[in-house]
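Trainee: Structure for the following, please:
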Amino acid sequence: SSQLSSLPLQILLYVNGVYYIFYFLATLAMIIYKSQVFSYPDDFLAPDLAVLFLMAILEVPRLYLGFKGNLTEAEVPLGLSLGLTVGSVLLCVYLLLWQTYVLWADVLLNAVLLSAYGLESGLKVTAIAAFVS
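Mentor: Below is the predicted model:
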């Protein structure tokens with residue numbers, strides 16, 4: 001029997017998990033920095049933090065289902081992970097475009113994360129196609 005799991009996908013899921021920890025901590029530190037240095041309206045601080053924490057909550061099942069789906073060669077968990085990736089992309093775009101203050105570091109962090117999500121999504125679609133056929 002042939003192995004259909006994707007090694008590049010597995011490596012990217014691992015790297016993305018490590019990068020997301022860095023991303024979360026850096027973004028949280030920048031939000032705290034911006035709330036201290038700039039006149040950050042209190043009404044806008046909570047939604048920005050909520051988006052960041054919601055994104056972190058989505059990241060755990062997204063990565064778990066991606067790992068599980070790829071290693072067990074099951075398209076359902078991988079498809080669910082792909083769906084959660086869409087949600088994570090939307091939250092990332094919010095932090096990139098509609099956050100109260102967007103610094104160049106925010107742009108850089110979000111661009112790297114969106115690139116990783118895009119590459120990961122392409123590999124997930126390819127893996128799902130291999131599992132189904």
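Trainee: And the most centrally placed residue in the chain, which helix or strand is it part of?
Mentor: The chain has Ser88 as the residue nearest its centroid, 5.0 Å off, counting by CA atoms, centre = their mean. Ser88 is part of helix 75-93 when elements are defined by DSSP states H and E.
Trainee: what does that helix contact?
Mentor: Helix 75-93 is contacted from outside by 51, 54-55, 58-59, 61-63, 65-66, 68-70, 110, 113-114, 117, 120-121, 124-125, 127-128, 131-132, using CB atoms under 8 Å, 6 or more residues apart in numbering. Using the backbone N, CA and C atoms, a C-beta is placed for each residue, glycine as well.
Trainee: And the average pLDDT for the next helix or strand after it is what?
Mentor: In the C-terminal direction, the helix or strand that comes right after helix 75-93 (DSSP H and E) is helix 104-132. Average pLDDT, helix 104-132: 97.
Trainee: and helix 104-132, what other elements does it pack with?
Mentor: Packing partners of helix 104-132 (3 or more CB pairs under 8 Å, 6 or more residues apart in numbering; DSSP states H and E): helix 7-37, helix 42-71, helix 75-93.
Trainee: Check the offset of it from the chain's centre.
Mentor: Taking CA atoms, centre = their mean, to the nearest Å, one finds helix 104-132 lying 8 Å from the centre of the chain it belongs to.
Trainee: in that helix, what's buried?
Mentor: Asp106, Leu109, Asn110, Leu113, Ala116, Tyr117, Glu120, Leu123, Lys124, Ala127, Ile128, Phe131 (16 or more other CB atoms under 10 Å).
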